[in-house]
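Visitor: after the sequence you'll find the predicted model.
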Amino acid sequence: MTYDVTRDRVEDYFDRTATKTWERLTSDAPVSGIRATVRAGRDRMRAVMLGQLPKDLSGQRVLDAGCGTGAMAVELAERGAEVVAVDIAPELIKIAETRCPRHLRSRIAFQAGDMLDSELGRFDHAVAMDSMIYYDRPTLVQLLKANESRIGGKFVFTLAPRTPLLMAMFRVGKLFPQSDRSPVMIPQRALDLASDLRIAGANGRLAQVERVTSGFYISECLRFGGQP
Ligand SMILES: C[S@@+](CC[C@H](N)C(=O)[O-])C[C@H]1O[C@@H](n2cnc3c(N)ncnc32)[C@H](O)[C@@H]1O
């Protein structure tokens, strides 16, 4: 599936089918046991990803690619970053704007649109938490290469690792609303992605940072480019 087709499915899903589920999962509202483990895992992953970036981001321009309801963008702005928070689902951007604390509003530019839009400009760093998990390997190579020229420092992102446990969970678990047009998460082997990036002539190196497993949430933090 091409980048555009997957992205349009993702937009349809998060802007319509799963908006309410996602709004609740990313809020403080009580959720069922399985979703609580996902929420805990995602909180942990956000911390792991932030741990890859300098504590003081004052004056740095940071992209939150696929920001969803905006939790990561808020944390980045709290560290002093000038954040561009972009998401293909306008409904999630509306929620993110409403949730953004008043004192950070001038530091986060929320925008509905494509994370690859060249008009977003250049960045010191970028993060993409669970927003690239639906793209296949050739598309990820294309996406990471396209980012090389516009991100000066680190690109910290997550992918679903290709583990037997996760593959089994896919077969049995229906955690979120599904339809024929729902985007499908594509588990990846980091080593295969790194090899394809080298073959494609990417300058940056791909590094595996940490895997987070919490109930139904299994995700791997990776870093592309920048100094460790
Ligand atoms: C699983 S959610 C994660 C949201 C947020 N990063 C978080 O961790 O809470 C994936 C998000 O990525 C967004 N997304 C996926 N592909 C995108 C693209 N090409 N451009 C912009 N946003 C995208 C989706 O709309 C969705 O909000």
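Guide: Received it, and whenever you're ready, just let me know what you need. Not measured: the values here are computed from a predicted model. Numbering: from 1, shown residues only.
Visitor: by residue count, what's the longest helix in the protein?
Guide: When the chain is parsed with DSSP state H, its longest helix is helix 33-50.
Visitor: any residues touching the next helix or strand after that one, and which ones?
Guide: If you walk from helix 33-50 toward the C-terminus, the next helix or strand you reach (DSSP states H and E) is strand 61-65. Strand 61-65 has contacts (CB atoms under 8 Å, 6 or more residues apart in numbering) with 53, 70, 72-73, 76, 81-86, 115, 120-128, 131-132, 151, 157. (Glycine included, C-beta is placed from N, CA and C.)
Visitor: return only those of those residues found close to the ligand.
Guide: Filtering the contacts of strand 61-65 for proximity to the ligand (criterion: CB under 6 Å from any ligand atom) leaves Met72, Val86, Met115, Ser131.
Visitor: which of those residues sit farthest apart?
Guide: Set against one another by CB to CB, those have their most distant pair in Met72 and Met115, with a gap of 13.0 Å.
Visitor: who has more neighbours out of the two?
Guide: Legend: neighbour count by other CB atoms under 10 Å for Met72 and Met115, higher for Met72 (28 against 23).
Visitor: residue ranges for the strands of the chain, please.
Guide: 61-65, 82-87, 108-112, 125-128, 155-159, 206-214, 217-224 (DSSP state E).
Visitor: could those be laid out in a markdown table, adding mean pLDDT, distance to Arg46 and mean neighbour count?
Guide: As requested, the strands of the chain are arranged in a markdown table below (pLDDT from 0 to 100; distance: least, CB to CB, whole Å; neighbours: other CB atoms under 10 Å):
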| stretch | mean pLDDT | distance to Arg46 | mean neighbour count |
| --- | --- | --- | --- |
| strand 61-65 | 98 | 11 | 26 |
| strand 82-87 | 98 | 14 | 25 |
| strand 108-112 | 98 | 16 | 18 |
| strand 125-128 | 98 | 9 | 25 |
| strand 155-159 | 98 | 10 | 25 |
| strand 206-214 | 96 | 10 | 17 |
| strand 217-224 | 96 | 10 | 23 |
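Visitor: now render the ones you listed as JSON lines, adding distance to Arg189.
Guide: What follows is these, written out as JSON lines (distance: least, CB to CB, whole Å):
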{"stretch": "strand 61-65", "distance to Arg189": "22"}
{"stretch": "strand 82-87", "distance to Arg189": "27"}
{"stretch": "strand 108-112", "distance to Arg189": "33"}
{"stretch": "strand 125-128", "distance to Arg189": "18"}
{"stretch": "strand 155-159", "distance to Arg189": "9"}
{"stretch": "strand 206-214", "distance to Arg189": "10"}
{"stretch": "strand 217-224", "distance to Arg189": "10"}
